[in-house]
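A.B. asks: Any chance you can model this:
(one chain, ligands or ions: 1)
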Amino acid sequence: MPPLRRYAWRVRRRILLLAFFLIISVLILRRMQWSSSKIIRVPQQEEPSFNIRDFMVPVKNVHSDDGIPLQENEGPKGCLPGYYSAAELQPRFKRPYSAPWAPGAGGLAYQLSDLTDEETMELNMGYETYNLNVFVSDRISLHRDLGPDSRPPECLAKKFKRCPALSPVSVIIVFHNEAFSTLLRTVYSVLYTVPRFLLLEIILVDDASPNEDMKRTLDEYVRLLEVVRVLRQPVRKGLVGARLLGAEQAKADVLVFLDAHCECWPGWLEPLLERIALDNTLVVSPDIVSINMHNFQFKWPAPKRSSHARGIFDWSLVFMWEPLPKTLESVRTDETQPIQTPAIAGGLFAISKSYFQHIGTYDPEMKIWGGENLEMSLRVWMCGGKLEILPCSVVGHVFRTESPHSFPEGGSVISRNLVRLAEVWMDEYKVLFYNRVMEAARIFKEKSYGDLSQRHQLRERLGCKPFSWYLKTVRPDFFIPELNPRFYGAMLNKGLKMCLDASEMHDGRAEVGISKCHGDADTQYFEYTSLNEIKHNVNRELCLSVAHPTLTLQYCVARDGEKNVPPYQSFSYEMDGQLQSHKFGLCLQAMRNTLFLASCTSEEPRQVWVFFTELPDERPDGPGKSTE
Ligand SMILES: [Mn+2]
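C.D. replies: Residues are numbered from 1 along each chain as shown. This next block holds a predicted model:
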């Protein structure tokens, strides 16, 4: 072949090759576009017709325009000086526009009106299945915005240093029998709020949900959302088992656990990650605000905060919120400062993955639900970590009045979990819990709480401090009852066969009366102390007080073992079961629903009180009053 022709042939071959590659790349690009636009199309069929408009707005990658392919865990390589720019902190997806008058838009309540019979039936079914108003949730956009950012100005102005770098996260959402719309709204709200470079993945862990839409429908739906994957637990293990599965599979250095019925406020993640970047032994929670379970109104953060809450527990090991003590509140200067909390609610928090493993993840033998948050709280504090709430980090959560969980092995599962906690972490103070919770005492006595050797070893290995240290250092304001009061339990009135019962506190006082015996600590636990008081001391130190002729529960005058018990809080309790007031010399007598003081007489069975610590027969199984 002459050299010139050979050259021309070579050129032609190159052009052909180039054209071939061009065509191939155009085809690949088009296919990618098609599959990303499919995100919008496919779920339409699954959605109630109300929401179809949402899907007509393309969900797009914020950064897709610049043409630079972004890597999965792209983030600042190394550690640069300065602060992350607003552009860098843009979320992965842009929330589609929704009309301000759309149902629930701006975080507003959904207004129900003029329901047909069919709709009423759907509404009731939703409540029955999920213990929240699914009817309303299904009619609110999965992409709804929450309105303007109403956080305090210092939260809005807050900048985040590039160094130490914020770490990308794996968001782990565990669900069991969750409504499709609440779960997906949680997922979208993460996608619309977490900066692109910080979101490595969202892991949904199905804890053997019974509902069909959580199976193929969910799989097909999330396959189109690049960063979301579903893991399944074939047999129901509960929250702990499911979270451990999620954590095990998580690829990021920081784990963020969320409940499956949340909505995240813009900027919620960065304050949490900043703390972990500074110190990876910090376990951090957002400020959890409420999404109304009936109308899905989102409680907006207030621009000026006046008070804060922290997580605690009482001596029956029930988690609760309390206002931050004044001494701690008064030293706060702005909302970017973290709040140390003795306990976390447990549904929503972030933790470094390596610290999570170091500190002993969860107790894998804790079943279904309940107690794992307190176990983690004590463990973290006692073994060298800290728990914090970051007020600039706001996440909404649907608080329910009743637990939606079924307890396949009966309602004593929560008590069993708590016994495991008490045995490992509460040292000699565990009796305070056993005294108050009869079911726990039974489990302890029967030794039916399972093997704890691994957990004891963990505490040993980590060289954790004693529970007394936790009380003294983390909760110095918490009262410590007598470990061995002279008598304790529920107080049965022999004449009426009913029990002494405390009701809700009003103005620092609680009413005290008589009701059917159930033995629940929150209203029926009483003890006769070595200082001759009748105390109801589960979450506060209340004493039976006489103001002739009425009786109330008031704060005990003698605190911390002081011996100055006033006569109106002092009683003698003798073997004959009579309870005699030292102030009046009269005896406590029950009549129907009330109590009064009467002349002591041995003939009167309604003046006889017996402490009992075991219920005659087991209570029916059920989740009880726990909320989730
Ligand atoms: Mn929840």
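
A.B. asks: wait, isn't residue 289 in contact with residue 298?
C.D. replies: Yes. Proximity of residue 289 to residue 298 meets the contact threshold set by C-beta atoms under 8 Å, at 7.2 Å. All C-beta atoms are positioned from the backbone trio N, CA, C, and that covers glycine.

A.B. asks: Just want to know which of those two has more residues nearby.
C.D. replies: residue 298 (23 against 18; other C-beta atoms under 10 Å).

A.B. asks: Apart from its neighbours in sequence, what residue is nearest the more buried one?
C.D. replies: residue 107 (3.3 Å; C-beta to C-beta, 6 or more residues apart in numbering).

A.B. asks: what's the pLDDT at the one you found?
C.D. replies: For residue 107, the pLDDT comes out at 96.

A.B. asks: quick one, what contacts it?
C.D. replies: Residue 107 sits next to 144-147, 263, 297-298, 300, 396 when contact means C-beta atoms under 8 Å, 6 or more residues apart in numbering.

A.B. asks: Using JSON lines, lay out these together with distance to the ion and secondary structure.
C.D. replies: JSON lines is the format used below for the contacts of residue 107 (distance: C-beta to the ion, whole Å; DSSP: H, G, I helix; E, B strand; the rest coil):
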{"residue": "144", "distance to the ion": "19", "secondary structure": "coil"}
{"residue": "145", "distance to the ion": "22", "secondary structure": "coil"}
{"residue": "146", "distance to the ion": "18", "secondary structure": "coil"}
{"residue": "147", "distance to the ion": "22", "secondary structure": "coil"}
{"residue": "263", "distance to the ion": "12", "secondary structure": "strand"}
{"residue": "297", "distance to the ion": "17", "secondary structure": "coil"}
{"residue": "298", "distance to the ion": "15", "secondary structure": "strand"}
{"residue": "300", "distance to the ion": "20", "secondary structure": "coil"}
{"residue": "396", "distance to the ion": "11", "secondary structure": "strand"}
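
A.B. asks: Closest one to residue 596 out of the residues you listed, please.
C.D. replies: Of all those, residue 596 sits closest to residue 297, with 45.6 Å by C-beta to C-beta.

A.B. asks: Number of residues surrounding the spatially closest residue to the closest one that is not a sequence neighbour?
C.D. replies: Among residues not flanking residue 297 along the chain, residue 109 sits closest, at 3.7 Å (C-beta to C-beta, 6+ apart). Residues within reach of residue 109, counting by other C-beta under 10 Å, total 15.

A.B. asks: could we number from 557 for the rest of this?
C.D. replies: Right, with 557 as the first residue, what we last looked at is residue 665.

A.B. asks: Say whether the ion is contacted by the strand or helix carrying residue 740.
C.D. replies: Using DSSP states H and E, residue 740 maps to helix 736-747. No. Using C-beta under 5 Å from the ion, helix 736-747 stays clear of the ion, with a minimum separation of 9.7 Å.

A.B. asks: measure the residue nearest to residue 854 to residue 1096 for me?
C.D. replies: 35 Å (C-beta to C-beta, to the nearest Å).

A.B. asks: again with residue 1115
C.D. replies: Residue 1115 is 11 Å from residue 1096, by C-beta to C-beta.

A.B. asks: Spit out the residues that contact those two alike.
C.D. replies: residue 1035.

A.B. asks: which stretches of the stretch 657-806 of the chain have low pLDDT?
C.D. replies: By pLDDT under 70, the stretch 657-806 of the chain contains no weakly predicted segment.

A.B. asks: Which parts of it are strands?
C.D. replies: Using DSSP state E, counting those that start in this stretch, the strands of the stretch 657-806 of the chain run over 725-731, 755-763, 784-789.

A.B. asks: Take those and write them to a markdown table, including mean neighbour count.
C.D. replies: As requested, those are exported to a markdown table (neighbours: other C-beta atoms under 10 Å):
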| stretch | mean neighbour count |
| --- | --- |
| strand 725-731 | 25 |
| strand 755-763 | 24 |
| strand 784-789 | 18 |
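
A.B. asks: Nearest to the ion, out of those?
C.D. replies: strand 725-731 (9.8 Å; C-beta to the ion).

A.B. asks: Pairing partners for that closest one, with directions?
C.D. replies: Using DSSP bridges, the strands paired with strand 725-731 in its sheet are strand 755-763 (parallel), strand 810-814 (parallel).

A.B. asks: what comes into contact with the shortest one?
C.D. replies: Contact partners of strand 810-814, identified using C-beta under 8 Å, 6+ apart, comprise 723-730, 742, 746, 799, 802-803, 820, 825, 828-829, 832, 903-909, 912, 951.

A.B. asks: Quick one: mean pLDDT for it?
C.D. replies: Per-region confidence: strand 810-814 scores 98 on mean pLDDT.

A.B. asks: just to revisit the earlier point, let's see which of the contacts of strand 810-814 end up in helices.
C.D. replies: By the criterion of DSSP state H, membership of these in helices covers 742, 746, 799, 802-803, 825, 828-829, 832, 909, 912.

A.B. asks: got a list of what the residue in the chain positioned nearest to the ion touches?
C.D. replies: Closest contact between the chain and the ion, by C-beta to the ion, is at residue 815 (3.6 Å). Residues near residue 815 by C-beta under 8 Å, 6+ apart: 729-730, 742, 903-904, 953, 1184.

A.B. asks: which residue sits closest to residue 908, ignoring its sequence neighbours?
C.D. replies: Leaving aside its chain neighbours, residue 908 sits nearest to residue 836 (3.9 Å; criterion: C-beta to C-beta, 6+ apart).

A.B. asks: Let me see the contact set for that neighbour.
C.D. replies: Contact analysis of residue 836 by C-beta under 8 Å, 6+ apart lists 908, 910-911.

A.B. asks: Any stretches of the chain with poor pLDDT?
C.D. replies: Within the chain, the stretches with pLDDT under 70 are 557-565, 567, 571-634, 959-967, 1060-1065, 1104-1105, 1117, 1172-1184.

A.B. asks: Could you list the domains of it?
C.D. replies: Per automatic domain parsing, the domain ranges recorded for the chain read 661-666+673-954, 970-1029, 1043-1168.

A.B. asks: got those domains as CSV, with distance to residue 641 columns?
C.D. replies: Converted to CSV, these look like this (distance: least, C-beta to C-beta, whole Å):
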stretch, distance to residue 641
domain 661-666+673-954, 9
domain 970-1029, 40
domain 1043-1168, 47
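
A.B. asks: Name every strand pairing with the helix or strand hosting residue 1102 and say which way it goes.
C.D. replies: Assigned by DSSP H and E, residue 1102 falls within strand 1098-1103. Strand 1098-1103 sits in its sheet next to strand 1090-1092 (antiparallel), strand 1106-1111 (antiparallel), going by DSSP bridges.

A.B. asks: got the contact list for the last one?
C.D. replies: What that stands for is strand 1106-1111. For strand 1106-1111, contacts defined as C-beta under 8 Å, 6+ apart pick out 1058, 1064-1068, 1092, 1096-1101, 1125, 1144, 1151-1153.

A.B. asks: tell me, which of the residues you listed make contact with the ion?
C.D. replies: Answer for the contacts of strand 1106-1111 near the ion: none qualify (C-beta under 5 Å from the ion).
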